[in-house]
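S.K.: Below: sequence and its predicted model.
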Amino acid sequence: WECALKLLEEMNERNVPKNNFVYNAAISACAKVGEWGKALELLNEMSEAGIRPNVYSYASAISACERGNQCDVALELVETMKK
């Protein structure tokens, strides 16, 4: 997960445009280790960058919340997806 975050940082420094695929990979990497807070940060960063999170984005963030024992936050994400 740290490598994925480093890649995003490097992309920022080099002005390389990011897309759903890049963000989803980073969110998924965070999910694998239960870094739910960072996964949510990335989900928000994605939206702020004008990149609309897709089902995979939300599924990975929900998985991160589950692994981090943040069931209430995961349920909030499900509600957000419905909108």
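M.R.: Now that the structure is in, tell me what you want to look at. Residues are numbered from 1 along each chain as shown.

S.K.: Measure how buried N20 is and give me the count.
M.R.: A count of neighbours around N20, defined by other Cβ atoms under 10 Å, yields 14. To be clear about C-beta, it is placed using only N, CA and C from the backbone, and glycine gets the same treatment.

S.K.: Make 25 the first number, not 1, from now on.
M.R.: Sounds good: first residue 25 from here, last item N44.

S.K.: Now N78: closest residue in space that isn't a chain neighbour?
M.R.: When the adjacent residues along the chain are set aside, N78 lies closest to N44, with 5.7 Å between them (Cβ to Cβ, 6 or more residues apart in numbering).

S.K.: For that neighbour, list the residues it contacts.
M.R.: Residues touching N44, when contacts are defined by Cβ atoms under 8 Å, 6 or more residues apart in numbering, comprise 70, 75-78, 80-81.

S.K.: Just put those in a markdown table and tack on neighbour count and pLDDT.
M.R.: As requested, the contacts of N44 are arranged in a markdown table below (neighbours: other Cβ atoms under 10 Å; pLDDT from 0 to 100):
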| residue | neighbour count | pLDDT |
| --- | --- | --- |
| M70 | 23 | 95 |
| I75 | 17 | 96 |
| R76 | 9 | 94 |
| P77 | 22 | 95 |
| N78 | 14 | 95 |
| Y80 | 15 | 96 |
| S81 | 23 | 97 |
